[in-house]
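Student: I need the structure of the sequence given here:
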Amino acid sequence: MIGVGDAAPDFELPSGDGSVVRLSERLLSGPVVLYFYPADFTPVCTAQACMVRDAHDRLMASGYQVLGVSPQSAESHERFDARHGLGFTLLADTEKRVIRAYGVSAAFGLLTRRATFLIDRDGVVKDRAVGDLSVTKHRRLIDRATIR
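Tutor: Next up is the predicted model:
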């Protein structure tokens, strides 16, 4: 898994609205909170997405953009966003290329770990949280990112 101080691998993935998102292009507008999660509509993943949704205004005020990545389809992400009013971009990594590049695959590549990375405008990981069964570490990371 990539760590603090590592260069964040660039990628291009489809979003729920049909557009293609490239990390390096997003970084031109400011730092990114990039979070990985196992699956849409599961209890802990829903709690994580709603926690990020509830912190989204604070993240934006601190200059961050939010990108969520999981292996479900763009259509699944669109339904997940619509059901929970997330308001940030979810990306479909159906081939798990980005999941592997960030080192967040588990169980022989069958599962995706819950991990959050703070990436600065230069594409360097400034902080990260890993917590597979809980969102507590991820909430603390977001709190650290938004405290001025």
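Student: okay, helices next: where are they in this protein?
Tutor: Ranges of helices in the chain, per DSSP state H, are 23-27, 43-61, 74-84, 97-101, 136-146.
Student: lowest-scoring secondary structure element of this protein by mean pLDDT?
Tutor: Taking all helices and strands of the chain together, the one with the lowest average confidence (mean pLDDT, DSSP states H and E) is strand 105-106, at a mean of 88.
Student: show me the shaky parts of this protein.
Tutor: With pLDDT under 70 as the threshold, the chain has low-confidence stretches at 108-109, 148.
Student: closest to the centroid, which residue in it?
Tutor: Taking C-alpha atoms, centre = their mean, the centroid of the chain lies closest to Tyr35, which sits 2.0 Å from it.
Student: that one pairs with what?
Tutor: Gly68, Thr116 (DSSP bridges).
Student: also Leu13?
Tutor: Val21.
Student: was I right to think it contacts Glu95?
Tutor: No. In this structure, Leu13 is not within contact of Glu95 by C-beta atoms under 8 Å, at 9.6 Å. From N, CA and C alone the C-beta is placed, and that goes for glycine too.
Student: out of those two, which sits in the more crowded spot?
Tutor: Set Leu13 next to Glu95 and count neighbours by other C-beta atoms under 10 Å: Leu13 wins out with 20 against 10.
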